[in-house]
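A.B. asks: Fold the stuff below for me.
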Amino acid sequence: MTQVRVVIHGRVQGVWFRGWTVEEARARGLTGWVRNRRDGTVEAIFDGPDDAVAAMLEACRQGPPAARVTEVEAFPSDESLSAGFHQAPTS
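C.D. replies: As a prediction, the model looks like this:
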């Protein structure tokens with residue numbers, strides 16, 4: 001099992017990135033959340049099997065069709081999470 005905090009840079013707000021992330025993460029059976037940040041990035045926590053988290057990170061490098069991702073930063077995390085994957089309020 002792996003848990004990472006991810007910060008995604010580029011044209012990632014206003015392009016359905018959060019909704020896409022929720023769908024993709026749920027399809028992979030991941031736990032966590034995704035939210036916009038006031039600095040224009042998108043932040044997420046992904047928790048689950050190593051291969052599913054790795055696949056989600058790779059998917060985030062592309063994002064939904066209207067997104068233009070320039071960088072994906074990933075950091076180890078040990079946040080306590082509720083069940084499921086959801087969209088969180090902007091931070």
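
A.B. asks: Which residue, neighbours along the chain excluded, lies closest to residue 48?
C.D. replies: In this structure, residue 48 finds its nearest non-sequential neighbour in residue 30, 4.1 Å apart by Cβ to Cβ, 6 or more residues apart in numbering. Bear in mind the C-beta positions are built from the backbone N, C-alpha and C, glycine included.

A.B. asks: My guess is that neighbour contacts residue 50. True?
C.D. replies: No - with contacts counted by Cβ atoms under 8 Å, residue 30 stays clear of residue 50, the gap being 11.4 Å.

A.B. asks: Neighbour count: those two, which is higher?
C.D. replies: Between residue 30 and residue 50, counted using other Cβ atoms under 10 Å, residue 30 has the larger neighbour count: 25 against 9.

A.B. asks: What separation is there between the more buried one and residue 47?
C.D. replies: Distance, residue 30 to residue 47, by Cβ to Cβ, to the nearest Å: 6 Å.

A.B. asks: With residue 71 instead?
C.D. replies: For residue 71, the distance to residue 47 (Cβ to Cβ) stands at 22 Å.

A.B. asks: Check residue 84 too.
C.D. replies: Taking Cβ to Cβ, one finds residue 84 at 11 Å from residue 47.

A.B. asks: More neighbours: which of the two?
C.D. replies: With neighbours defined as other Cβ under 10 Å, residue 84 and residue 47 compare such that residue 47 has more, 20 against 12.

A.B. asks: Just after the helix or strand containing that one, pick out the following helix or strand.
C.D. replies: Element membership of residue 47, judged by DSSP states H and E, is strand 42-48. Remark: after strand 42-48, the chain's next helix or strand is helix 50-60, criterion DSSP H and E.

A.B. asks: What mean pLDDT does that next one get?
C.D. replies: The average pLDDT for helix 50-60 rounds to 98.

A.B. asks: So which elements touch that helix?
C.D. replies: With contacts taken as 3 or more Cβ pairs under 8 Å, 6 or more residues apart in numbering; DSSP states H and E, helix 50-60 sits against strand 2-11, helix 17-27, strand 42-48, strand 68-76.
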